[in-house]
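Novice: sequence-free structure coming up:
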């Protein structure tokens, strides 16, 4: 055997080895896809576990996990265990699209739960619709979200209702005649809510004296607030998220503006009072739920939540819990675990007694339910009133 | 009228923050003719250093001069060390390379710091401890002047005067000017350019440290990407004032803050940044070297 022979053999072998290795590498994702699904039901969740509004995603995730763990303890659904796959979208629209695509195409989930922020739900919903996978958003209130398609649901009220609630509360309870607006222009939720609030206030005989904007990530709002101060409003409506609202509250009080601040469910975070400190005390916002409710369903939920995590659930955790429960009940009722059958059952949800009140899904795939108005008092959000649709 | 004065106060107070950070950009540019994009992220690290130091020392809720001094020192030292490290390991090996390489490296270092920050500190915003009680110094009708508004302005002005003195009236300042004019000739005459450049980074970065604590006091929300927008604006402020010029950086910063404020006050809050930057473009059309930018003369 001469040297060239050895050389050719070993080279041929090495090429074959490389080909084999390449084939193995390519088939790895396929293999993992096969082995995981079997006698379990896979549900996907996407949310902002990190990023500017991380507490939204983290709270929702706690609620969803509670619902799924409880179902698994009772033996799962149709004898199968439920597996939750949670992916982080870092609070970014583009990332939301990617993780939902991954949940559906690689993780083979039968349904998707998420997001809190309307912008991100809107970004991801077309993907779920395209693959015909039912998606339930726990707390995206912008009306456009569920209009994307017949596979997109929500278990919360929509902004027109939330805007109506705050306008009604401002006019009737606080006797506001002149209101000012400070909205986050980059945020669908904030812009939509501000528009509704304005038209409702005008219908109720009030006046809008200033309508200004900021952008998420800004830290200085004094220019806008100084202008608002010169208009002497009775209240300022700030339909933004808690990080900016905390800073806005501080700067409002620095400038000597003493009128109440009003907001929506985007304020619902323990970080609000950490950032805003005493400046935010006494302000009001509309929310999905209050931990002070005397409803036994709510108290029971709070007890189980505290037993598992050691803290009181906020509104977003309660919404996450309800979204997951509605999905699980729909799966239970569906004749088979197939995305289209689950979709049909979610649409039939009626008078579900959840932690956030009685939920019925209407023909627009939106939830019909009442809202509460709470007042910030340090770490506690004190219940003020309930407003029905 | 009162509103106009209030807008003036707000604008100057915002502008002095830009000024403080712009000083760091302008110093490094003056000596190396490079834009240190990582400067704004050094500033971010300074804010987190102060945050963790306050937690660790248990002075989160003890506002007072002692706490302020401690946090300033911690933040300055950490920033100086970080600036020195970046210069030593990222920029010095590229000293002889084309300018573009070092610029891209600076962007790389900036992204590296931002995303390491997200990994280490977590991406959710943290609440900066209350270091000094914010007092109302003056209340005239509607107009209110807060202590936090003028602290930053005063510190920025002191830093400007101090830097000016350092550059024009000390031995090390003379060496800095020599290196900035011609580093190889300076080296022949006994100046060690590497040491002088390292020194510049130490001074510039500790200014970022001062800025981070003062801004943290004023806007108590810190997160790993906090340097991005403020850094961009400070950089533009430095260019506007004439990059390389120390008084120019302060002037540019103040103008930047004022134009932002006035745009919101009298034009539109939605197009704030677009209009504010637009004004600056117009100024640069007429003064391409920046307001105080003179070639070769005022270089640090």
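Specialist: Nice, I can see it. All figures in this text were calculated on a predicted structure; none of them were measured in a lab.

Novice: C-alpha only now, for contacts and for neighbours.
Specialist: Noted.

Novice: need the residues of chain A near chain B, please.
Specialist: Contact residues (Cα under 8 Å from any Cα of the partner chain) of chain A with chain B: A:50-55, A:185, A:212-214, A:219-220, A:222-224, A:226-227, A:230, A:243, A:247, A:254-256, A:274-275.

Novice: let's see 7 Å
Specialist: Where chain A comes near chain B, counting by Cα under 7 Å from any Cα of the partner chain, the residues are A:50-54, A:185, A:212-214, A:219, A:222-224, A:226-227, A:247, A:255, A:274-275.

Novice: how about residues contacting the lowest-mean-pLDDT helix or strand in chain B?
Specialist: One helix or strand of chain B scores below all others by mean pLDDT, DSSP states H and E: strand B:136-140, with a mean of 73. Contacts to strand B:136-140, defined as Cα atoms under 7 Å, 6 or more residues apart in numbering or on different chains, come from residues B:144, B:145, B:146, B:147.

Novice: could you dump these to CSV with neighbour count?
Specialist: Shown next, in CSV, are the contacts of strand B:136-140 (neighbours: other Cα atoms under 10 Å in any protein chain shown):
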residue, neighbour count
B:144, 19
B:145, 19
B:146, 19
B:147, 16
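
Novice: ok, which pair from those is furthest apart?
Specialist: Across these, the longest distance by Cα to Cα is 10.0 Å; it joins B:144 and B:147.

Novice: quick check: the residue of the stretch 51-200 of chain A nearest chain B.
Specialist: The nearest approach of the stretch 51-200 of chain A to chain B comes at residue A:51, 4.8 Å away (Cα to the nearest Cα).

Novice: okay, now residue A:316: neighbour count?
Specialist: 29 (other Cα atoms under 10 Å in any protein chain shown).

Novice: separation between it and residue A:307?
Specialist: Residue A:316 sits 18 Å away from residue A:307, going by Cα to Cα, to the nearest Å.

Novice: next one: residue A:177
Specialist: Residue A:177 sits 45 Å away from residue A:307, going by Cα to Cα.

Novice: which of the two has more neighbours?
Specialist: Higher neighbour count among residue A:177 and residue A:307: residue A:177, with 18 against 11, using other Cα under 10 Å.

Novice: pLDDT score for that one?
Specialist: We have a pLDDT of 89 for residue A:177.

Novice: tell me the phi and psi of the closest residue to it other than its chain neighbours?
Specialist: Nearest non-adjacent residue to residue A:177, counting by Cα to Cα, 6 or more residues apart in numbering or on different chains: residue A:206, 4.7 Å away. Backbone dihedrals for residue A:206, given as degrees, to the nearest 10, come out at phi -90, psi -180.

Novice: what sits against the residue positioned nearest the centre of chain A?
Specialist: Closest to where the C-alpha atoms of chain A average out (Cα atoms, centre = their mean) is residue A:116, at 1.4 Å. Shown in contact with residue A:116 (Cα under 7 Å, 6+ apart): A:56, A:57, A:137, A:138, A:139, A:140.

Novice: inside strands: which ones of the residues you listed?
Specialist: When those are checked against strands (DSSP state E), the matches are residue A:137.

Novice: for the stretch 151-300 of chain B, which residues are neighbours of chain A?
Specialist: Residues of the stretch 151-300 of chain B lying near chain A (Cα under 7 Å from any Cα): B:219, B:220, B:221, B:261, B:264, B:265, B:269, B:270.

Novice: out of the residues you listed, show me where the pLDDT dips lowest.
Specialist: In terms of pLDDT, residue B:269 ranks lowest among those, with 77.

Novice: hang on, the earlier thing: secondary structure class for the residue nearest to the centre of chain A?
Specialist: coil (DSSP: H, G, I helix; E, B strand; the rest coil).

Novice: how about the helices in the stretch 1-150 of chain B?
Specialist: B:2-32, B:39-57, B:65-86, B:99-121, B:147-169 (DSSP state H, counting those that start in this stretch).

Novice: export those to CSV and append columns for mean pLDDT and distance to residue B:249.
Specialist: Putting the helices of the stretch 1-150 of chain B into CSV (pLDDT from 0 to 100; distance: least, Cα to Cα, whole Å) gives the following:
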stretch, mean pLDDT, distance to residue B:249
helix B:2-32, 86, 5
helix B:39-57, 91, 14
helix B:65-86, 90, 20
helix B:99-121, 89, 20
helix B:147-169, 84, 9
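
Novice: in CSV: the ones you listed, plus distance to residue A:122.
Specialist: What follows is the helices of the stretch 1-150 of chain B, written out as CSV (distance: least, Cα to Cα, whole Å):
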stretch, distance to residue A:122
helix B:2-32, 35
helix B:39-57, 32
helix B:65-86, 41
helix B:99-121, 26
helix B:147-169, 40
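
Novice: most packed of those helices?
Specialist: Comparing those by mean neighbour count (mean count of other Cα atoms under 10 Å in any protein chain shown), helix B:2-32 ranks first with a mean of 25.

Novice: okay then, goodbye and thanks.
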